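A.B. asks: coordinates for the following, if possible.
(one chain, ligands or ions: 2)
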Amino acid sequence: MEKRSFKGGIHPLYNKELSEKKQIDVMDDPKQVVIPLQQHIGAPCEPLVSKGEQVITGQKIGEAKGFVSAPIHSSISGEVVDVNEERITIKSDGDNRFEPKEARSLKEISSQEIIEIAKEAGIVGMGGAAFPTHVKMKAPEGKKIDTVILNGAECEPYLTIDDRIMVEQPQKVVEGLKALMKATGATKGYIGIELNKPNAIEAIGNAIQGDSSVELVTLEVKYPQGGEKQLIKAILDKEVPVGGLPVDVGSVVSNVSTAAALADAIEEGKPLYERGITVTGNGIEKPQNIIVKVGTTFKEVVEACGGLKDNAAKVISGGPMMGRAIDSLDDEFITKGTSGILVLTEDEVRLVEERTCIRCARCVDACPMSLMPNYLAAYSRKEMFKEAEELHLFNCIECGCCSYMCPSKIPLVHLIRQGKAEVSSKKAKK
Ligand code: SF4
Ligand code: SF4
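C.D. replies: Ligands and ions are numbered 1, 2, ... in the order given. Have a look, this model is predicted:
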């Protein structure tokens, strides 16, 4: 089978076997949800409900303020018990009452209506960054979108929910892709899937049969094959310019779970208030793929998956490469951007001491953005930000390939991230 790819990248241990064959389960409703008002970059939502109010599942409870923003919806029915600047807490009445919005047919609605539905349903990118989809669908003045690419690569080790969505709901994924194409005016759609997902390749291949506007592209198993710029390079052989966006080469990239959620919003009138995630790792009793309500605590999700094993040492929100270590299972809540919960064991997180750089250039070879991570990290550490910016600090996608490859265990991506944060905060103060 064909395997397209990009330059650089790494081959970490994928560890997908823990959950890749597990059918998506549905978690019981939690007794209470805590829904953050800000679930992505951009402006936080403004609450539409107050303490004591009764709400139903799918009801809009926070309005998007600002251009890059998406509304939030209640994920259960019950009583609003707290509203503050950061979040809305709702206690379940156990009924899970839900009134869907008007269901529409993709054939009958206009591109503008699709964008409006995506906006009202709070659809955001479900691969991690949670960027509002309705914003992505509108090309800026003077730009044109001709291609939509669906990211079915799921190249992060351990995570398998996108794989399962493609296997279990291929029609929905394709329907979502068609909606994205109609909304953007794109005439061609691609679904890129890594070769380690044969069942997804088969299911999506069957679902697009007879449709010449959509093509399935099989990709080399390599991290970060699911990065926007890496997908565009692999599928279209186009380079997104430094500091640019996919739209600069006429493309929009979206995740397969996002496409399925968009199809749900159009055809079932269902806002984005729950999502599928992978709960996995050698530190969890029952690794699985599971649909959970937004606002559920990590603790409850972990308990629903059998709980932590005795040797569990570290919990990560997302995958091991781009995810974020979390301190407390009680204070962390599922958001629209949570793709997984990964629990590593003591053996897997043993700290290795940092040594000096031996100038082996392994980090340079691995960098999928053709950067020099060794210099970027050293400049960031020494606060030589001008020099770091000249070497395209902000073109780093924080994939972590460089840190993974470094034999001296220098925390390269961590230093680069810190450098970016310092520069951004300095610019914001000016
Ligand atoms: S410098 Fe950035 S883009 Fe390059 S490998 Fe490191 S984290 Fe990835
Ligand atoms: S991989 Fe590590 S040791 Fe090798 S050049 Fe890069 S920073 Fe230096």
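
A.B. asks: which parts of the stretch 301-430 of the chain are strands?
C.D. replies: With DSSP state E, counting those that start in this stretch as the criterion, the stretch 301-430 of the chain has strands at 312-317, 324-326, 340-345.

A.B. asks: run through the residues that contact the spatially closest residue to residue 174 that is not a sequence neighbour.
C.D. replies: Of all residues not flanking residue 174 in the chain, residue 207 sits nearest, at 4.7 Å (C-beta to C-beta, 6 or more residues apart in numbering). Every C-beta, even on glycine, is put in place using the N, C-alpha and C of the backbone. Shown in contact with residue 207 (C-beta atoms under 8 Å, 6 or more residues apart in numbering): 170, 171, 173, 174.

A.B. asks: again with residue 214
C.D. replies: Residues in contact with residue 214 (C-beta under 8 Å, 6+ apart) are 174, 177, 178, 188, 189, 190, 191, 208.

A.B. asks: relative to residue 407, how far out is the residue nearest to residue 408 when sequence neighbours are not counted?
C.D. replies: Nearest non-adjacent residue to residue 408, counting by C-beta to C-beta, 6+ apart: residue 355, 4.3 Å away. Per C-beta to C-beta, to the nearest Å, residue 355 is found 8 Å from residue 407.

A.B. asks: quick check: nearest residue in space to residue 64, chain neighbours excluded?
C.D. replies: Residue 64 sits nearest to residue 71 (C-beta to C-beta, 6+ apart), 4.8 Å away.

A.B. asks: ditto for residue 183
C.D. replies: Counting by C-beta to C-beta, 6+ apart, the residue nearest residue 183 is residue 114, at 4.0 Å.

A.B. asks: quick check: that neighbour is in a helix.
C.D. replies: Yes - counting by DSSP: H, G, I helix; E, B strand; the rest coil, residue 114 is located in a helix.

A.B. asks: got the residues of the stretch 301-430 of the chain near ligand 1?
C.D. replies: Proximity of the stretch 301-430 of the chain to ligand 1 (C-beta under 6 Å from any ligand atom) is limited to residues 366-367, 369, 371, 373, 376, 396-402, 412-413, 416.

A.B. asks: can you tell me how far the residue nearest the centre of the chain is from residue 234?
C.D. replies: The centre of the chain sits closest to residue 127, judged by C-alpha atoms, centre = their mean, with a distance of 1.6 Å. Applying C-beta to C-beta, the value for residue 127 to residue 234 is 16 Å.

A.B. asks: got the phi and psi for the residue nearest to the centre of the chain?
C.D. replies: With angles defined as degrees, to the nearest 10, residue 127 sits at phi -80, psi -10.

A.B. asks: just list the residues touching it, thanks.
C.D. replies: Here residue 127 is in contact with 151, 162, 226, 255, 257, 258, 337, 339 (criterion: C-beta under 8 Å, 6+ apart).

A.B. asks: adding secondary structure, distance to residue 384 and neighbour count, write the residues you listed out as a markdown table.
C.D. replies: Below are those laid out as a markdown table (DSSP: H, G, I helix; E, B strand; the rest coil; distance: C-beta to C-beta, whole Å; neighbours: other C-beta atoms under 10 Å):
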| residue | secondary structure | distance to residue 384 | neighbour count |
| --- | --- | --- | --- |
| 151 | strand | 35 | 28 |
| 162 | helix | 39 | 31 |
| 226 | coil | 32 | 25 |
| 255 | strand | 36 | 26 |
| 257 | helix | 40 | 30 |
| 258 | helix | 39 | 29 |
| 337 | coil | 33 | 19 |
| 339 | coil | 35 | 25 |
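
A.B. asks: format those residues as CSV; extra columns: pLDDT and distance to residue 5.
C.D. replies: As requested, those are exported to CSV (pLDDT from 0 to 100; distance: C-beta to C-beta, whole Å):
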residue, pLDDT, distance to residue 5
151, 97, 14
162, 98, 18
226, 95, 12
255, 96, 19
257, 98, 23
258, 98, 23
337, 94, 26
339, 97, 22
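
A.B. asks: I'd say residue 53 and residue 81 touch.
C.D. replies: No - using C-beta atoms under 8 Å, residue 53 and residue 81 do not qualify as a contacting pair, with a distance of 9.8 Å.

A.B. asks: the residue lying closest to residue 42 once chain neighbours are set aside and ligand 2, how far apart?
C.D. replies: The shortest distance from residue 42 to any non-neighbouring residue, by C-beta to C-beta, 6+ apart, is to residue 68 (3.2 Å). Plainly put, residue 68 is 35 Å away from ligand 2 if you go by C-beta to the nearest ligand atom, to the nearest Å.

A.B. asks: could you do residue 190 as well?
C.D. replies: On the measure of C-beta to the nearest ligand atom, residue 190 and ligand 2 end up 33 Å apart.

A.B. asks: same deal with residue 402?
C.D. replies: Counting by C-beta to the nearest ligand atom, the gap from residue 402 to ligand 2 is 7 Å.

A.B. asks: number the residues from 5 up from this point.
C.D. replies: Fine by me, first position is 5 from now on; the one you just mentioned is residue 406.

A.B. asks: and of the strands of the stretch 305-434 of the chain, who's closest to residue 146?
C.D. replies: strand 328-330 (36.3 Å; C-beta to C-beta).

A.B. asks: list the buried residues for that closest one?
C.D. replies: By 16 or more other C-beta atoms under 10 Å, strand 328-330 has no buried positions at all.

A.B. asks: other SSEs contacting that strand?
C.D. replies: Counting contacts by 3 or more C-beta pairs under 8 Å, 6 or more residues apart in numbering; DSSP states H and E, strand 328-330 packs against strand 316-321.

A.B. asks: any idea how far the strand it packs on is from the middle of the chain?
C.D. replies: Counting by C-alpha atoms, centre = their mean, to the nearest Å, strand 316-321 is centred 19 Å from the centre of its parent chain.

A.B. asks: partners of it, with directions?
C.D. replies: strand 328-330 (antiparallel), strand 344-349 (antiparallel) (DSSP bridges).

A.B. asks: picking up where we left off before, what about the residue nearest to residue 187, neighbour count?
C.D. replies: 25 (other C-beta atoms under 10 Å).

A.B. asks: ok, the residue located most distally from the centre of the chain - contacts?
C.D. replies: In the chain, the greatest distance from the average C-alpha position (C-alpha atoms, centre = their mean) is reached by residue 362, at 34.6 Å. Counting by C-beta under 8 Å, 6+ apart, residue 362 makes contact with 411, 412.
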